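A.B. asks: need the 3D shape of this:
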Amino acid sequence: MFGIEALELARMQFAFTVSFHILFPAITIGLASYLAVLEGLWLRTHNQVYRDLYHFWSKIFAVNFGMGVVSGLVMAYQFGTNWSRFSDFAGSITGPLLTYEVLTAFFLEAGFLGVMLFGWNRVGRGLHFFSTVMVALGTLVSTFWILASNSWMQTPQGHEIIDGRVVPVDWFAVVFNPSFPYRLMHMATAAFVSTAFFVGASAAWHLLRGRDNPAVRKMLSMAMWMALVVAPIQAVIGDFHGLNTLKHQPVKIAAIEGHWENVPGEPTPLILFGIPDMKAETTRFKVEIPALGSLILTHSLDKQVPAMKEFPPEDRPNSTIVFWSFRIMVGLGFLMIFVGLWSLWLRKRGTLYTSRPFLYLALWMGPSGLIALLAGWFTTEIGRQPWVVYGLMRTADGVSNHSYAQLGFTLVAFVVVYFALFGTGLGYMMRLVRKGPQTGEGDEHNPGGPGTQRTPARPLSAADDGHEAESASLSKGN
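C.D. replies: Below is the predicted model of the structure:
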């Protein structure tokens, strides 16, 4: 029906759920580290601004963390329901890696999350700060194991295939597979950049509406310092990641570049824009720069980049999609670097907090990190096709034996439930952002910080958006 098969519906369903899920852990990773930095600075300097920002962002972190946990559970079930053959084939590796994530990261986060969110007035300063650091560490440990599992699917090693199943023989090789270090750094850095622009956009929103106070200024300042430093680092990591991909998945690079064939003796050009045509095996309307493809991808002017026609048609990923998803990611990355540099120039002029053109750009760049992250994830996963485990198992061989009707119904159900549930959660989180940091928040209960009173903090108190009755009702519900 509609030219879509059950396999494609299964892929669409997983792509939809993972696209929703990945946004929440990305912000969780960044905000957890941001909160640890804020509390550490408050303990060191006793500057009230850092404590106000901690209280403000801890509420948003709590909502985001909850949505991340809920959306992640659905993905775990899909391995058994929609991809049972893949689980049967590779479960002896992916299963333990995901179990390690639960036993380390999830328990670490769960063990200290309550103290972090509700213990501000009930435990000492040192223990509360330690709990915040442990939660931040837990998010990074979670990233470690999830990326180890996914990277093994991209560049599998450390295994044998016995009786049609993967059997691990070297766990160190399994975990530290060739693409893992690059993908781990790329993902973790993407989370920090995404959070920086989310925080920066929140500050810009308040400044544009005349809410200029030390807490809002500090938000923007810290976010722009992070963008200035981390966005260029991300570009360098991306370059190393590209070289690694060229070595282990050359057809993915060919698809990303929309590059179909080499001219003997000539370096590979860089195609800036175009429309790859999979049937015609060409990139139409292309705009290219001679030799730049070889320079960027091989760091030389004489080596050629592998072309799509060098690989069998059945082994080629969809160049039409990854060509543009990659360019969206890179284009936003360059724009982030520009924003960081512009902020430095304005900072030196003393107009960082008053330049309305810059503040509007910072506001519109709020979701840029998450969009770039999704574009990069699409590039990585669609570029791996037609393999679910690269070179070992094709995606078509890993799907469960479900009918088109079953998959179509569950996909529609997921879309409706996800938009209703997470749409509500995101709306609530944006209300908290619009409320902004409150100066001296909690002073009436906590004049001296952790350990001075015995009243638990309330990180999920509702934001006051001008509707007092509604706000009061939400506060009572929390």
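A.B. asks: which parts of the stretch 51-200 of the chain are strands?
C.D. replies: Using DSSP state E, counting those that start in this stretch, the strands of the stretch 51-200 of the chain run over 159-162, 165-168.
A.B. asks: equivalent analysis for the stretch 251-400 of the chain, please.
C.D. replies: Taking DSSP E, counting those that start in this stretch as the test, the strands found in the stretch 251-400 of the chain are 270-277, 282-289, 387-389, 393-394.
A.B. asks: confidence score at the closest residue in space to residue 113 that isn't next to it in sequence?
C.D. replies: Leaving aside its chain neighbours, residue 113 sits nearest to residue 135 (5.6 Å; criterion: CB to CB, 6 or more residues apart in numbering). C-betas here are computed from N, CA, C, even on glycine. pLDDT, residue 135: 92.
A.B. asks: identify the residues contacting residue 135.
C.D. replies: 32, 35, 36, 108, 109, 112, 113, 116 (CB atoms under 8 Å, 6 or more residues apart in numbering).
A.B. asks: could you rerun that using 7 Å?
C.D. replies: The contact partners of residue 135, taken as CB atoms under 7 Å, 6 or more residues apart in numbering, are 32, 109, 112, 113, 116.
A.B. asks: now, which of those residues sits nearest residue 222?
C.D. replies: The nearest member of the contacts of residue 135 to residue 222, counting by CB to CB, is residue 32 at 15.0 Å.
A.B. asks: quick one, what contacts residue 366?
C.D. replies: 197, 198, 201.
A.B. asks: can you put the strands of the stretch 51-200 of the chain in CSV and add mean pLDDT?
C.D. replies: Output for these, formatted as CSV (pLDDT from 0 to 100):
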stretch, mean pLDDT
strand 159-162, 92
strand 165-168, 92
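A.B. asks: so residue 98 sits against residue 147, correct?
C.D. replies: No. Residue 98 is not in contact with residue 147 according to CB atoms under 7 Å; the separation is 11.7 Å.
A.B. asks: which of these two has more residues huddled nearby?
C.D. replies: For residue 98 versus residue 147, the count of surrounding residues by other CB atoms under 10 Å is larger for residue 147: 24 against 17.
A.B. asks: my guess is the more buried one contacts residue 180. True?
C.D. replies: Yes. Assessed by CB under 7 Å, residue 147 is found in contact with residue 180 at 6.4 Å.
A.B. asks: what about residue 210, how many neighbours?
C.D. replies: 6.
A.B. asks: and it, its phi and psi?
C.D. replies: phi 80, psi 10 (degrees, to the nearest 10).
A.B. asks: backbone torsions only: list them for the nearest residue to residue 347 once chain neighbours are set aside.
C.D. replies: Leaving aside its sequence neighbours, residue 347 sits nearest to residue 224 (CB to CB, 6+ apart; 7.4 Å). Note on residue 224: its backbone torsions stand at phi -70, psi -30 [degrees, to the nearest 10].
A.B. asks: same question, residue 170
C.D. replies: Per-residue torsions, residue 170: phi -150, psi 100 (degrees, to the nearest 10).
A.B. asks: list the contacts of it.
C.D. replies: Applying CB under 7 Å, 6+ apart to residue 170 gives the contacts residue 158.
A.B. asks: how much space separates it from residue 156?
C.D. replies: From residue 170 over to residue 156 the distance is 12 Å, taken as CB to CB, to the nearest Å.
A.B. asks: residue 308 too?
C.D. replies: Residue 308 sits 23 Å away from residue 156, going by CB to CB.
A.B. asks: where do the helices sit along the stretch 51-200 of the chain?
C.D. replies: 84-101, 107-118, 125-154, 171-175, 180-208 (DSSP state H, counting those that start in this stretch).
A.B. asks: weakest of those helices by average pLDDT?
C.D. replies: When those are compared on mean pLDDT, helix 107-118 scores lowest, with a mean of 85.
A.B. asks: show me the contact partners of it.
C.D. replies: 58, 62, 123, 127-128, 131-132, 134-135, 137-139, 141, 456-457, 459.
A.B. asks: CA-only coordinates of that helix in PDB, if you can.
C.D. replies: Provided in PDB are the C-alpha atoms of helix 107-118 (Å, rounded to 0.1, in the frame of the first residue of the first chain):
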ATOM      1  CA  PHE A 107      21.500   3.000  39.000                       C
ATOM      2  CA  LEU A 108      24.000   5.800  39.500                       C
ATOM      3  CA  GLU A 109      21.600   8.400  38.300                       C
ATOM      4  CA  ALA A 110      18.700   7.000  40.200                       C
ATOM      5  CA  GLY A 111      20.700   6.700  43.400                       C
ATOM      6  CA  PHE A 112      21.600  10.300  43.500                       C
ATOM      7  CA  LEU A 113      18.800  12.000  41.500                       C
ATOM      8  CA  GLY A 114      16.500  12.200  44.500                       C
ATOM      9  CA  VAL A 115      19.200  13.900  46.700                       C
ATOM     10  CA  MET A 116      20.000  16.300  43.800                       C
ATOM     11  CA  LEU A 117      16.400  17.300  43.200                       C
ATOM     12  CA  PHE A 118      14.900  17.200  46.700                       C
END
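A.B. asks: between it and helix 84-101, how many degrees?
C.D. replies: 60 degrees (axes from the mean of the first three to the mean of the last three CA atoms, to 10 degrees).
A.B. asks: buried sites along helix 107-118?
C.D. replies: Using 16 or more other CB atoms under 10 Å as the test for burial, helix 107-118 gives 108, 109, 112, 113, 115, 116, 117, 118.
A.B. asks: got it, and stretch 38-58?
C.D. replies: In stretch 38-58, counting by 16+ other CB under 10 Å, buried: 38-39, 41-43, 49-58.
A.B. asks: from residue 179, how far out is residue 247?
C.D. replies: From residue 247 across to residue 179, the span is 9 Å (CB to CB).
A.B. asks: whoops, I mixed them up, residue 356
C.D. replies: 43 Å.
A.B. asks: excluding covalently adjacent residues, which one is nearest to residue 274?
C.D. replies: residue 286 (3.3 Å).
A.B. asks: neighbours around the one you found, how many?
C.D. replies: Using other CB under 10 Å, residue 286 has 15 other residues around it.
A.B. asks: mind checking pLDDT for it?
C.D. replies: 88.
A.B. asks: just the strands of the stretch 251-400 of the chain: most buried one?
C.D. replies: Sort the strands of the stretch 251-400 of the chain by mean neighbour count, taking mean count of other CB atoms under 10 Å, and strand 387-389 sits at the top with a mean of 21.
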